[in-house]
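Trainee: I need the structure of the sequence given here:
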Amino acid sequence: MAVTRQSLPSPPAPGASLVDSLDPATGEVVGRFEATSASDIPAIFESARRAQKEWAARPLRERCAMLRRLRDTIFDLREEAADVITRETGKPRVEAIFAEILLALDTADFLARRAPRWLRPERVPHHNIAMKAKSGWLEFQPHGIIAIISPWNYPFSIPMVEMISAVVAGNAVLLKPSELTPWTGWLARELFRRAQFPSGLVEVLQGGGEIGAALIEACPDKVFFTGSVSTGRRIAEACARKLIPSVLELGGKDAMIVLADANLEIVSSAAVWGSFMNCGQTCISVERIYVEQAIADRFTRLCVEKTKKLRLGPPADRDAEVGPMIRPRQLEKVEQQLRDAVERGAQIVTGGNRRPDLGPNFLEPAVVTHVDHSMQLMREETFGPVMAIRAVASVEEAIELANDSAFGLSASVWTSDSKCGREVASRIRTGSVMVNDVASYYGICEAPHGGPGASGWGRTHSRLGLLEMVQVKYIDVDRLPSIAKSWWYGYTRELTAAAGGFVEALFAPTWKQRLASMAGKAGARGVGFRRDRV
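Mentor: Numbering: from 1, shown residues only. Next up, the predicted model:
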């Protein structure tokens, strides 16, 4: 791979603790990175706070101009970035380009154009007649230091989208990448450095869970975490103890509903790609397929045929479509889910076997039928190349089963009737539903990402994701500052009566009652104002 001298980090200091970067296709160490010491974190925070104050003081248009410079830097180094991503994750190069680099480029370009409109002060009109003499505004101010703890499955696009959103909003960023992908984490920070962002504004902290814990203990102003439910719970608890707000994306168990009128050639191709992209190590991959009984056999047959044609191999093989899993322990977990399913009556129609001839972490993509919700395969997140298919009697059963999950990240509905697809989509309890497509919404900058239940809380991407990066402040300006307000002290019996009449005039059930109230109080103008306000 064409990794240049420019893309290589500095050698670790002698005697330093190290974080190894492994090639999952071979298991070989391809790089070593100096682990961050917990004792260095206070100084890193101090530097970040200084940089953030200066950065937030810059006009928004200047911050947006810097995003465009970052976009151009990513573009110039896109081939080197693809080298790093594929070598460290094992994913095919085309997936590194489409799902990682393209998304980072598009986000930088998109927010450079949209942030000036989304983050400028916003007028708040007042509907209540009593408040018409006031002028209200919303201002969007940065939190300060944003801590991002990112995963290994999309080690570039996930943190880059969040980092780009954070800095354009005026924040500093401290990134703790997965210890399985330290090189890609280093690369993310390096791109900001090459784009000449201020020193200290964006930093990377290398290490395992202990560094993530120390990062939270140091009290960042907000935490963004993407990863497992178990780790997410620990992070939520740590943040709660310090009242640190957080955004958590903890995975999914994404359902695909296939109706009898769907185009099975298209749907089966989507199901195969949706199940096996990134070797199934995707939080919005297809994990559960519910297909109407009348078409279940043909749909399954097409999926099996197309799965058997997939080419396994390392990213160095440009024709490979499915790469290795990230580590042996991840492969073993998927094998355990398959064993549990078979013991409970499921059938593995194709795949599910290791391929040691290709490397230590290769697993043949598997298609599994006769599954039910007693199986781990249908209830736990499956981070591996497995497609689980269940026939259902009706769309109602499919919806009920799709909602029978602790997760709620994403789903898809397949039908030739788009109106029906919208109706079914609205009944599925997830943060997003695609009709006649799968997973690609993640690449739509306008689309928010996140979901309820065990999938976490908060949103990334879109305007909603950008607003997660700011504190919303309301500012009220009274346009009659020399006039004392009637609700201030100086309470009298007459003022109480006037207040009651005002409420009646605004909210009495009928207009007749409202008009009568106003007429009755017309002669009482100035009531309650005879005494000086306090």
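Trainee: Residue 505 and residue 35, how far apart?
Mentor: Per C-beta to C-beta, to the nearest Å, residue 505 is found 69 Å from residue 35. Placement of C-beta: from N, CA and C, glycine included.
Trainee: quick one: low-confidence parts of this protein?
Mentor: Segments of the chain classed as low confidence (criterion: pLDDT under 70) are 1-8, 520-534.
Trainee: In it, which residue is most central in space?
Mentor: Among the residues of the chain, the smallest C-alpha distance to the mean C-alpha position (C-alpha atoms, centre = their mean) belongs to residue 460, namely 4.2 Å.
Trainee: hang on, isn't residue 431 packed against residue 447?
Mentor: No: the criterion here is C-beta atoms under 8 Å, and residue 431 misses it with residue 447 at 9.8 Å.
Trainee: picking that back up, who is the residue nearest to the centre of the chain paired with across the strands?
Mentor: Per DSSP bridges, the residues bridged to residue 460 are residue 449.
Trainee: residues contacting it?
Mentor: Residues near residue 460 by C-beta atoms under 8 Å, 6 or more residues apart in numbering: 161-162, 165, 224, 247, 249, 448-450, 468.
Trainee: So which residues of the stretch 251-400 of the chain form strands?
Mentor: According to DSSP state E, counting those that start in this stretch, the stretch 251-400 of the chain carries its strands in the segments 255-258, 288-292, 347-350, 366-369, 386-392.
Trainee: Note down every partner strand of the second one and its orientation.
Mentor: When pairs are called by DSSP bridges, strand 288-292 turns out to pair with strand 255-258 (parallel), strand 386-392 (parallel).
Trainee: now the fourth one
Mentor: Strands that pair with strand 366-369, judged by DSSP bridges, come out as strand 347-350 (antiparallel), strand 386-392 (parallel).
Trainee: Figure out which of these is closest to residue 439.
Mentor: strand 386-392 (13.7 Å; C-beta to C-beta).
Trainee: May I have the closest one exported as PDB, CA atoms only?
Mentor: Taking only C-alpha atoms (Å, rounded to 0.1, in the frame of the first residue of the first chain), the coordinates of strand 386-392 have been written out as PDB:
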ATOM      1  CA  VAL A 386     -24.500 -13.200   9.200                       C
ATOM      2  CA  MET A 387     -27.900 -12.800   7.600                       C
ATOM      3  CA  ALA A 388     -30.900 -14.200   9.600                       C
ATOM      4  CA  ILE A 389     -34.200 -14.700   7.700                       C
ATOM      5  CA  ARG A 390     -37.600 -15.400   9.200                       C
ATOM      6  CA  ALA A 391     -40.800 -15.900   7.200                       C
ATOM      7  CA  VAL A 392     -43.900 -14.100   8.600                       C
END
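Trainee: Now, the contacts of residue 460 that are in strands?
Mentor: Judged by DSSP state E, the subset of those located in strands is 224, 247, 249.
Trainee: need the contact list for the first one.
Mentor: This means residue 224. If you count contacts by C-beta under 8 Å, 6+ apart, then residue 224 has 146-149, 162, 246-247, 458, 460, 468 around it.
Trainee: Reformat those residues into CSV and put distance to residue 43 next to each item.
Mentor: CSV is the format used below for these (distance: C-beta to C-beta, whole Å):
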residue, distance to residue 43
146, 18
147, 16
148, 19
149, 20
162, 23
246, 24
247, 26
458, 29
460, 29
468, 27
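Trainee: just those residues now: which is nearest residue 274?
Mentor: Sorting these by distance to residue 274 puts residue 460 at the head of the list, at 20.5 Å, by C-beta to C-beta.
Trainee: What distance do you get for the closest one to residue 447?
Mentor: Taking C-beta to C-beta as the measure, residue 460 and residue 447 are separated by 10 Å.
Trainee: same question, residue 20
Mentor: Distance from residue 20 to residue 447, counting by C-beta to C-beta: 36 Å.
Trainee: So which of those two has more stuff around it?
Mentor: Counted by other C-beta atoms under 10 Å, residue 20 and residue 447 do not tie: residue 447 has more neighbours, with 17 against 14.
Trainee: Let me see the contact set for that one.
Mentor: Applying C-beta under 8 Å, 6+ apart, one finds that residue 447 lies in contact with 432, 441, 461-462.
Trainee: For residue 507, give me its contacts.
Mentor: Going by C-beta under 8 Å, 6+ apart, the list of residues near residue 507 is empty.
Trainee: Please apply the same query to residue 448.
Mentor: When contacts are counted by C-beta under 8 Å, 6+ apart, residue 448 touches 431-432, 459-462, 464-465.
Trainee: can you do 10 Å?
Mentor: Residues touching residue 448, when contacts are defined by C-beta atoms under 10 Å, 6 or more residues apart in numbering, comprise 431-432, 441, 458-465, 468.
Trainee: Before I go, just wanted to say thanks for your time.
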